[in-house]
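>>> Prediction below, plus the sequence it came from.
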Amino acid sequence: MKTNSKNLGLVTKKFNDFFLVDLKNQENSENSDKFLCKVRKSINFKDQLIYVGDEVIIENIDLKSKRAIITSLMKRKNLLIRPSVANISNIYITFSVEEPELNLSQVNRFLISAESMGVEVSLVLTKCDLISDKRRSSLIDKFEKWGYQAITLNFERSDYFNNLLADLKQKKCSIFMGPSGVGKTTLLNMIIPGLQNSTAPVSNKIKRGKNTTRNIELFSISNQSYIVDTPGFNMQPPEIDINLLPNLYAEIYKQVIEEGIKCKFRNCLHLKDEGCNLNKSFERYSFYKEMIESAKSHYYQNQED
């Protein structure tokens with residue numbers, strides 16, 4: 001049975017020239033149908049590619065074979081480049097407190113990369129069963145001063161996980177980002193029953209885990225809430241080649257924004273500017289200064305090239 005009606009769907013998986021599109025049941029939004037789709041040959045989306053996370057219009061729906069044709073690509077809110085996922089609403093920067101050991105400089109870089117994407121950013125700390133309650137409280141206080149309410153996880157306690165799951169269900173489309181070996185795959189296996197991605201131990205030599213996820217896919221975790229299962233990757237701080245000028249760091253850093261009220265200059269980088277009254281004693285300033293200098297270096301290198 002075929003229907004010619006137009007329906008809005010969400011691309012949840014992409015392989016070769018085919019797309020798996022999730023079409024929510026209008027009468028019962030808790031249910032959804034997935035259709036294997038191809039793009040209509042006569043359609044040109046202004047040379048745009050379709051990515052997982054894109055919203056599309058599908059037609060010529062065959063309810064029996066579960067096939068359909070993509071006829072329109074909706075305007076997307078954002079696009080992550082690596083991995084290629086569209087319309088992310090929330091990024092959960094994920095780090096372990098031990099095995100591998102927490103690296104504050106690396107946490108800082110991940111947070112800045114995420115903030116530069118213009119989406120809501122949360123911080124998740126895993127393997128908290130390996131540290132004392134005192135150390136856990138200390139980390140929560142530290143990141144609160146950074147401007148983040150850290151979500152701490154103990155894989156042996158379900159109440160910790162349930163708090164995270166409840167938070168995820170309030171978001172539209174979320175993704176976990178962080179270095180390998182911190183427990184992202186374990187988290188996804190807990191969030192999506194039956195997923196059962198393989199996990200690998202942390203290497204004793206390099207103190208990092210091995211990437212065990214292979215395909216990008218969206219999974220529904222509640223009505224209108226999705227989580228991205230994606231190959232592990234390591235974000236790098238934004239540089240000038242992605243259209244971020246060095247002075248944007250001052251706008252991205254939450255602490256600098258708050259402290260910046262004390263500086264009388266607009267667009268001040270809060271480095272060695274004469275007359276800058278910013279209090280440079282806050283803990284994150286050394287990381288801030290390091291990234292500003294790196295951004296300026298890339299900027300001038302690009303100018304010379």
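Received the coordinates, thanks.
>>> can you give me the strands for the stretch 1-150 of the chain?
Per DSSP state E, counting those that start in this stretch, the stretch 1-150 of the chain carries strands over the ranges 2-3, 7-15, 18-24, 32-39, 55-62, 67-73, 79-80, 85-86, 90-96, 120-126.
>>> same for the fifth one, what does it pack against?
The contact analysis (3 or more Cβ pairs under 8 Å, 6 or more residues apart in numbering; DSSP states H and E) places strand 55-62 against strand 2-3, strand 7-15, strand 18-24, strand 32-39, strand 67-73. C-betas here are computed from N, CA, C, even on glycine.
>>> angle of that strand against strand 7-15?
90 degrees (axes from the mean of the first three to the mean of the last three Cα atoms, to 10 degrees).
>>> For strand 55-62, C-alpha coordinates in PDB please.
Extracted in PDB, the C-alpha atoms of strand 55-62 (Å, rounded to 0.1, in the frame of the first residue of the first chain):
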ATOM      1  CA  GLU A  55      15.000  16.600   8.900                       C
ATOM      2  CA  VAL A  56      13.600  15.700   5.500                       C
ATOM      3  CA  ILE A  57      10.300  15.400   3.700                       C
ATOM      4  CA  ILE A  58       9.500  12.000   2.400                       C
ATOM      5  CA  GLU A  59       6.800  11.000  -0.200                       C
ATOM      6  CA  ASN A  60       5.700   7.900  -2.100                       C
ATOM      7  CA  ILE A  61       5.600   6.000   1.100                       C
ATOM      8  CA  ASP A  62       5.200   2.200   0.700                       C
END
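>>> from the middle of its chain, how far away would that strand be?
28 Å (Cα atoms, centre = their mean, to the nearest Å).
>>> got the buried residues for that strand?
Buried residues in strand 55-62, counted by 16 or more other Cβ atoms under 10 Å: 55, 56, 57, 58, 59, 60, 61.
>>> nearest to residue 215, of the helices and strands packed on strand 55-62?
Residue 215 lies closest to strand 7-15 among the helices and strands packed on strand 55-62, at 7.2 Å (Cβ to Cβ).
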